[in-house]
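In: got a sequence here, can you build the structure:
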Amino acid sequence: MTRTVLESQTKTVTIGFDEPFCVIGERINPTGRKKLAAELEAGDFSTVERDALEQVACGAMVLDVNAGVVYNSNPNPNETEPPLMRKMIELVQGLVDVPLCIDSSVPGALETGLSIAKGRPLVNSVTGEEERLEAILPLIKKYNVPVVAISNDDTGISEDPDVRFAVAKKIVQHAADYGIPAHDIVVDPLVMPVGAMGTAGQQVFTLVRRLRDELGVNTTCGASNISFGLPHRHGINAAFLPMAIGAGMTSAIMNPVRVVEMEAIRAANFLMNHDPNGSEWIKFSRVLDAVEAGTPFAEAAKASSDAGSGRGSRRRRRE
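Out: Numbers count the residues shown, from 1 in each chain. Predicted coordinates for the structure are as follows:
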């Protein structure tokens, strides 16, 4: 079975066909978040700190870290992203002990992140564009880390799923030329918005099965893309994720702070027999009970985690 191993200084997370679905928290990313972008430009990392702690409390197993801020004073990302990536990774690693996903389109920012990341992070990402392959794959080999491979190339993003599969296959084969094994390639087959393309969900499910059966690779996606532009998006996301898991998808870059999506993932893990005896589902059901009683999700999840680790009982004894 294909296993992609990620590590922090103290934790190991395995993405695999026979493993619980890997939730990669997406929120430490200023793209589309004007307030966060303004804070980062001003040197304010308070939202990053809050997002890191909250996402892990809610069940994120890996945290994506993106430093793509467009500075008014210096719009050159090759100069601004590497030092900001360094600060963000150092901060996040000091707060939580989960593996990281280093996310940038700037090779210099990726290498800066790789040089200071503890353990074995995931790199996000490489595409099938020749220039991108030649820039990123040597870094993956040098640091011996896994990489997200996005199924687009110099021709752009194809609406034809066969073309997207062919791009993924090309990346896997090109990586092999560098000595990078298929188990260190996590393919993003690209999720199209179902509001714009009615077959978007079906395409992804078919692609994921092919990627698993024919290339033997793990898969991921930006889960919220499926509901882009639609009302009540979280219900769509919560339906999409278990269906993708059933098709063989093994991870997603997503917002773990939304209880409806996390409930769907926990249930899917149980139904796929990736939660022996339903022990994780039973623990999570207590969180759901607290949420129904009015406790915010992150607070309820943290209390459950503290109780499970014994931290809550130690506090009670001191009191």
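In: quick one: the helices in the chain, in order.
Out: 34-41, 46-58, 77-95, 107-116, 130-143, 161-177, 200-210, 233-247, 259-271, 279-292, 297-309, 311-318 (DSSP state H).
In: mean confidence for the longest one?
Out: Across helix 77-95, pLDDT averages out at 97.
In: what sits up against it?
Out: 8-9, 28, 40, 45, 48-49, 52-53, 63, 65, 67-71, 74, 100, 102, 104-106, 108-113, 116-118 (Cβ atoms under 8 Å, 6 or more residues apart in numbering). C-beta: built from backbone N, CA, C; applies to glycine.
In: now the helices of the chain in CSV, with mean neighbour count and distance to residue 193?
Out: Output for the helices of the chain, formatted as CSV (neighbours: other Cβ atoms under 10 Å; distance: least, Cβ to Cβ, whole Å):
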stretch, mean neighbour count, distance to residue 193
helix 34-41, 16, 22
helix 46-58, 20, 24
helix 77-95, 18, 26
helix 107-116, 19, 28
helix 130-143, 16, 24
helix 161-177, 19, 15
helix 200-210, 20, 6
helix 233-247, 20, 10
helix 259-271, 20, 17
helix 279-292, 16, 29
helix 297-309, 18, 26
helix 311-318, 10, 42
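In: same list (those) but as CSV, adding distance to residue 150.
Out: Below are these laid out as CSV (distance: least, Cβ to Cβ, whole Å):
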stretch, distance to residue 150
helix 34-41, 23
helix 46-58, 22
helix 77-95, 18
helix 107-116, 14
helix 130-143, 9
helix 161-177, 8
helix 200-210, 13
helix 233-247, 16
helix 259-271, 22
helix 279-292, 30
helix 297-309, 30
helix 311-318, 39
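In: who wins for proximity to residue 187 among these?
Out: Proximity to residue 187 (Cβ to Cβ) singles out helix 161-177 among these, at 4.7 Å.
In: who are the packing partners of the closest one?
Out: strand 122-127, helix 130-143, strand 147-150, strand 185-188, helix 200-210 (3 or more Cβ pairs under 8 Å, 6 or more residues apart in numbering; DSSP states H and E).
In: quick one, what contacts residue 204?
Out: 189, 191-192, 221, 226, 244, 247, 249.
In: narrow those residues to just the buried residues.
Out: When the contacts of residue 204 are checked for burial by 16 or more other Cβ atoms under 10 Å, the buried set is 189, 191-192, 221, 226, 244, 247, 249.
In: residue 300: which of the helices and strands packed on helix 161-177 is closest?
Out: Using Cβ to Cβ, the helices and strands packed on helix 161-177 put strand 122-127 closest to residue 300, at 28.2 Å.
In: packing partners for that closest one?
Out: By 3+ Cβ pairs under 8 Å, 6+ apart, strand 122-127 packs against strand 100-103, helix 130-143, strand 147-150, helix 161-177.
In: tell me the strands beside that strand, with direction?
Out: Paired strands of strand 122-127, with direction, are strand 100-103 (parallel), strand 147-150 (parallel) (DSSP bridges).
In: which of the contacts of residue 204 sits closest to residue 2?
Out: residue 249 (12.7 Å).
In: so what does that closest one look like in phi/psi?
Out: phi -70, psi 140 (degrees, to the nearest 10).
In: ok, it to residue 222 distance?
Out: Per Cβ to Cβ, to the nearest Å, residue 249 is found 12 Å from residue 222.
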